[in-house]
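S.K.: Next one to model:
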Amino acid sequence: MNAITLLCWNQENNGNGDPKRRHAGDTLLKSLNPDLVYRQELWDAGADGSTIFNDQAHTLGLQGVLGEDSCTGLFYNPATFSVVRDWRESRRPHFVMPPTALTLRYEDAGPKAVPFIAVSYHLNYGSAVQRLLEAEWLTTWADKSWTTADGCCCTVPAIFGGDGNFYPTGVPGDLPLPDLAKVKNRPHRTHRSCAGPSGTRLPDTAPYIALRTAGLEDAAAYWATAPHGDPTALSCTVNACDTHGPDSRVDLTFLTPELLPAIIGFEVIKVAEDISDHHVLRLTLDRKVFGDILNHPVSD
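M.R.: Here you go, the predicted structure:
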């Protein structure tokens with residue numbers, strides 16, 4: 001295979017406590033042959049000595065690292081990646097639901113290549129102020145340095161995937177922002193909005209703007225407008241519902257810009273509602289191009 005497959009998915013409450021539902025989700029992910037899986041809402045996976053998490057890793061045929069409080073996790077193919085560092089100590093106190101962040105080595109790139117950072121995130125559900133704080137702290141993983149064997153100090157590339165609970169903005173062809181007045185669940189109007197001029201509430205796009213200001217690239221937006229890309233990359237990741245409003249693209253993957261040339265595909269894979277309320281994101285990277293980028297890092 002000439003592609004590295006990255007998946008990002010929030011399976012609602014890790015199957016809502018139903019082993020069959022959870023297993024169906026893991027089986028779906030397994031069928032997509034992932035090399036790296038960004039997961040959110042693994043709530044029960046750490047109980048009883050991580051019995052459930054270990055079972056999920058076994059089903060996927062991958063190794064995994066479960067984040068603090070089972071909020072997020074990463075699964076990886078050990079033939080493709082190896083862990084250089086776990087950033088566990090960097091997750092508190094800034095995040096209500098701590099992300100899982102790992103520095104990973106891409107084995108095919110060779111011993112002189114720089115590693116990259118993978119971050120699975122789940123931003124706060126109920127507060128736009130907290131989400132913006134968390135988004136700003138996410139950007140610190142796009143600002144890490146690595147010293148190569150020849151003494152060159154360079155920036156470590158990073159790939160983020162998760163459930164942002166905010167809306168993207170300024171992307172041609174993207175889904176429209178919701179009309180808050182048409183969201184029937186009035187508390188949810190507050191949850192997904194931020195304070196605007198004169199006390200008005202606006203759909204919350206501030207975390208997206210913060211991440212983009214930091215130079216992070218929205219993989220779906222990039223692929224939707226790429227010469228050989230596909231505009232369906234901007235498909236909804238959560239379906240419309242009476243309480244929460246219209247179709248939304250709230251699950252997003254971001255990359256540091258030097259990695260963009262490695263993207264060879266992005267799609268939203270629809271998931272049945274009885275398995276999760278979120279769809280799966282699939283990002284594919286060219287193995288050779290990815291390795292070449294890691295062997296020619298950006299100097300600080």
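S.K.: Just give the closest residue to Val271, not the sequence neighbours.
M.R.: Of all residues not flanking Val271 in the chain, His279 sits nearest, at 5.0 Å (Cβ to Cβ, 6 or more residues apart in numbering). In short, each C-beta sits where N, CA and C put it, glycine included.
S.K.: Burial check on that neighbour, number of neighbours?
M.R.: For His279, the neighbour count with other Cβ atoms under 10 Å is 22.
S.K.: And Leu285, its phi and psi?
M.R.: Recorded main-chain torsions at Leu285 are phi -120, psi 140, according to degrees, to the nearest 10.
S.K.: distance of it from Leu36?
M.R.: Distance, Leu285 to Leu36, by Cβ to Cβ, to the nearest Å: 10 Å.
S.K.: Can you pull the residues that touch both of these two?
M.R.: Shared contacts of Leu285 and Leu36 (Cβ atoms under 8 Å, 6 or more residues apart in numbering): Ile4, Leu6.
S.K.: now the residue nearest to Val271: how far from Val250?
M.R.: 11 Å.
S.K.: Can you check which residues contact both of the two?
M.R.: Common contact partners of His279 and Val250 (Cβ under 8 Å, 6+ apart): Thr237, Val238.
S.K.: Pretty sure Asn239 is one of the things Pro246 touches, is it not?
M.R.: No. Look at Pro246 against Asn239 with Cβ atoms under 8 Å: they stay out of range, at 9.1 Å.
S.K.: Now for the two: what residues contact both?
M.R.: By Cβ under 8 Å, 6+ apart, no residue touches both Pro246 and Asn239.
S.K.: Return the distance of the residue located most distally from the centre of the chain relative to Gly151.
M.R.: Taking Cα atoms, centre = their mean, the residue of the chain most remote from its mean C-alpha position is Ser198, at 33.7 Å. Distance, Ser198 to Gly151, using Cβ to Cβ: 55 Å.
S.K.: Then Ala206?
M.R.: For Ala206, the distance to Gly151 equals 40 Å [Cβ to Cβ].
S.K.: higher neighbour count, those two?
M.R.: Shown here are Ala206 and Gly151; by other Cβ under 10 Å, Ala206 has more neighbours (19 against 6).
S.K.: Could you pull up the mean pLDDT of stretch 136-156?
M.R.: In this model, stretch 136-156 has an average pLDDT of 92.
S.K.: Flag every buried residue along that stretch.
M.R.: Glu136, Trp137, Leu138, Thr139, Trp141, Ala142, Lys144, Trp146, Cys154, Thr155, Val156 (16 or more other Cβ atoms under 10 Å).
S.K.: outside of that stretch, which residues touch it?
M.R.: 87, 90, 94-95, 99, 101, 103, 111-112, 114-117, 119, 121, 158, 160, 210-211, 214-216, 256, 297-300.
S.K.: Please type out the PyMOL selection for whichever of these turn out to be buried.
M.R.: The buried residues among the contacts of stretch 136-156 can be selected in PyMOL (16+ other Cβ under 10 Å) with this line:
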select buried, resi 87+95+99+101+103+114+115+116+117+119+121+158+160+210+211+214+216+256+297
